[in-house]
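> the sequence and its predicted three-dimensional model are supplied below.
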Amino acid sequence: MALAQERLCYLRSVINACQDWLVVASGQDAIETAHAARKMSVSFHFQTATPLSGSLNLVDAFLAAGIDRAILAYNEANPFPNGCHEVRNARLSALGRRLVERMDATGMRIDLRHCGTRTSLDVLDTALLRPPCSLIPTHAPCSITSAGF
């Protein structure tokens, strides 16, 4: 978590130094506003949800800091989901279910890229306020389309 905070602070300082042509834009409206102002826009996300493993309250804190999306796993399992490179093809953990629910409730977007097939299906079976931002888990095994589950 500390490393994620440190890098986020560093990136914000770089962006602030370039604010005449570069802005942080989260969501379509902010991106369109930046485009209309002829500025480049960037947004922040986590490539894996592991920075959130210390406490689910970190979802709120990182969302407030500008992290608006998190990929649940980067190829390998973590305390929340199974990754697409894992042979065991495990389901979303109980803690992972709570994380998905917390992310959805706060508005942090859930990204299924790099997640395992069963984990992705578990998330898709969850009653969410908004769908995951990667409905086609492009990095999951092709078996997600088979009837074997």
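Received the coordinates, thanks. None of the values given here were measured: they were computed from a predicted structure.
> can you classify Ser41 by secondary structure?
strand (DSSP: H, G, I helix; E, B strand; the rest coil).
> what bridges to it?
Counting by DSSP bridges, Ser41 is bridged to Val23.
> what residue ranges in this structure score low on pLDDT?
Along the chain, segments meeting pLDDT under 70 span 134-149.
> 50 - rerun?
141-149 (pLDDT under 50).
> show me how it divides into domains.
Domain ranges of the chain: 1-42, 45-149, per automatic domain parsing.
> can you tell me which of these is packed in deepest?
domain 45-149 (a mean of 18; mean count of other C-beta atoms under 10 Å). The way it works is simple: take the backbone N, C-alpha and C, and place the C-beta from them, glycine included.
> the spatially most central residue of the chain bridge partners, please.
Residue closest to the average C-alpha location in the chain (C-alpha atoms, centre = their mean): Ala70, at 1.2 Å. Counting by DSSP bridges, Ala70 forms beta bridges with Phe46, Ile110.
> three-state assignment of Leu8?
helix.
> roughly how far apart are the spatially closest residue to it that is not a sequence neighbour and Glu32?
Nearest non-adjacent residue to Leu8, counting by C-beta to C-beta, 6 or more residues apart in numbering: Ala65, 5.9 Å away. According to C-beta to C-beta, to the nearest Å, Ala65 and Glu32 sit 23 Å apart.
> with Val87 instead?
Val87 is 43 Å from Glu32, by C-beta to C-beta.
> what sits up against stretch 117-136?
69, 72-73, 81-84, 89-92, 96-97, 100-101, 104-105, 107, 109-113, 115, 137, 140-141, 143-144, 149 (C-beta atoms under 8 Å, 6 or more residues apart in numbering).
> mind checking how far the residue located most distally from the centre of the chain is from Glu76?
When distances are taken from the C-alpha mean of the chain, Asp20 lies farthest, 28.1 Å away, according to C-alpha atoms, centre = their mean. Separation of Asp20 from Glu76 (C-beta to C-beta): 40 Å.
> Asn82 now?
9 Å.
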